[in-house]
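S.K.: What would the 3D arrangement of this be:
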Amino acid sequence: MKTRLKLKIAASVTLFLSVAAIKAVSIAPEAVTFQVFYESLSPSGKWLKDDVNGYVWVPKVEKGFRPYFTNGSWKMTEYGCTWVSSYTWGWAPFHYGRWIFDSLYGWVWIPGYDWGPAWVVWRSDGEYYGWTPFIPGYTVSQALSPNYLVPADWWVFVPGRYLLNETFQKYSLSSAEGNTVMLKRANIINNSRATNNANYISGPRATEFGRATGQQMTIYLLKNAARPGKTLVNKGEIILYKPIMKKWESGSEPKPVTSVHADHAIGKTAALGPSATIKPAKATVKKKTTAKPASGKKKSK
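M.R.: Numbers count the residues shown, from 1 in each chain. Just a heads-up that it's a prediction; the model follows:
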């Protein structure tokens, strides 16, 4: 009887240790198609069929939303400066593809195949650090050149000592004028890396950033989550869903269950920044004109 009890206890301990080991080990990334984007993001936004970019996504977010600014923070990882979003869907649009501002739809995400810690371009003058979304149509080398120009209010600049702060937003420059001044004196942070045959911009190096700010920082270890969901930060680890995106065979293209056709080519009506807006043509109402009196005749009172 005692022998059986010991065997059961031993088996239970072995099972517990096995489960604990599985949880502790990073899960190998799975290979998936864009279908995982379409299914996971549909509840949190709408998919548009764009004639140029294919299916693009508009999130349902609070007013004033900006990618790589709203509801998240920066962490240093082995991949570089990594954006950690608090949105449940943040694992996808901030690590794959590109964002662009459209004056009708707001910020729009265009899916992509390659994973990166954040698809942004970085600048610094040694005191302030700034970034802006890496828009579609540019290679990494082109984005790291002085010819990469986007509206000044797409940029965010923060004093270096607050860059890794959970509430960095309240320390950022709040005007396009301030950003314009910074852009004239801030240099491009020309750091990029290659992984899985793809290049990405890694942002400020931990050693350089530490010397510039005098900060001692945690270098977080990135681990793969088993399924889509909110990114978790715990005891020096960041756990997020990080699948490998594969292409599909012709004729078997994935598509969202529901989508609407975009009113125009995304990006073609991009205004001067996220504060600018336009109204759809169908909402325009022409004012009635009052007929002028015949020449030589006065309008009766």
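S.K.: going forward, measure contacts between C-alpha atoms and count neighbours the same way
M.R.: Noted.
S.K.: And the helices in this structure?
M.R.: Assigned by DSSP state H, the chain shows helices spanning 2-24, 35-41, 140-143, 176-185, 206-213.
S.K.: Show me the residue at the heart of this structure, geometrically.
M.R.: Taking CA atoms, centre = their mean, the centroid of the chain lies closest to F94, which sits 2.6 Å from it.
S.K.: measure that residue to W115 for me?
M.R.: 9 Å (CA to CA, to the nearest Å).
S.K.: ok, now G72?
M.R.: For G72 relative to W115 (CA to CA), the value is 18 Å.
S.K.: Compare the two and say which is more crowded by neighbours.
M.R.: W115 (23 against 18; other CA atoms under 10 Å).
S.K.: got the contact list for that one?
M.R.: W115 makes contact with 95-96, 242, 244 under the criterion CA atoms under 8 Å, 6 or more residues apart in numbering.
S.K.: W155 now?
M.R.: Counted by CA under 8 Å, 6+ apart, W155 has contacts 130-133, 179.
S.K.: on that earlier part again, how many other residues sit next to the nearest residue to the residue nearest to the centre of the chain once chain neighbours are set aside?
M.R.: Counting by CA to CA, 6 or more residues apart in numbering, F94 lies nearest to A118, which is 5.8 Å off, once chain neighbours are set aside. Using other CA under 10 Å, A118 has 26 other residues around it.
S.K.: if I pick A118, what's in contact with it?
M.R.: Residues near A118 by CA under 8 Å, 6+ apart: 81-83, 94-95, 201-202.
S.K.: Okay, and which of the contacts of W115 map to strands?
M.R.: Judged by DSSP state E, strands contain the following of the contacts of W115: I244.
S.K.: If any of the contacts of W115 are buried, put those into a ChimeraX selection.
M.R.: Buried members of the contacts of W115, defined by 16 or more other CA atoms under 10 Å, are picked up in ChimeraX with:
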select :95,96,242
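S.K.: For F65, which non-adjacent residue is spatially closest?
M.R.: W107 (7.9 Å).
S.K.: now do W83
M.R.: Leaving out its chain neighbours, the residue that sits closest to W83 by CA to CA, 6+ apart is W74, at 4.8 Å.
S.K.: my guess is the one you found meets F94, correct?
M.R.: No: W74 is beyond contact range of F94, at 11.7 Å (criterion: CA atoms under 8 Å).
S.K.: quick one: common contacting residues for the two?
M.R.: With CA under 8 Å, 6+ apart, W74 and F94 have common neighbours W83.
S.K.: related to what we said a few turns ago, weakest of the helices of the chain in terms of mean pLDDT?
M.R.: Per-stretch averages of pLDDT across the helices of the chain put helix 2-24 at the bottom, with a mean of 37.
S.K.: for the stretch 51-200 of the chain, what are the low-confidence residue spans?
M.R.: Scanning the stretch 51-200 of the chain for pLDDT under 70 picks out 196-197.
S.K.: just the strands in the stretch 101-250 of the chain please.
M.R.: Ranges of strands within the stretch 101-250 of the chain are 106-110, 120-124, 128-133, 156-159, 187-188, 192-195, 198-201, 219-224, 232-234, 237-240, 244-245, based on DSSP state E, counting those that start in this stretch.
S.K.: just so I know, which of these lies nearest V32?
M.R.: strand 244-245 (5.3 Å; CA to CA).
S.K.: Note down every partner strand of the closest one and its orientation.
M.R.: Strands that pair with strand 244-245, judged by DSSP bridges, come out as strand 31-32 (parallel).
S.K.: gap between D153 and L183?
M.R.: 11 Å.
S.K.: for the stretch 201-301 of the chain, which spans come out with low pLDDT?
M.R.: Short version for the stretch 201-301 of the chain, where the test is pLDDT under 70: 268-301.
S.K.: 80 - rerun?
M.R.: Across the stretch 201-301 of the chain, residues meeting the criterion (pLDDT under 80) sit at 212, 249-251, 267-301.
S.K.: Any idea what N224 is bridged to?
M.R.: L240.
S.K.: Verify the stated contact: it with Y241.
M.R.: Yes: the pair N224 / Y241 is scored as a contact, 5.3 Å apart, by CA under 8 Å.
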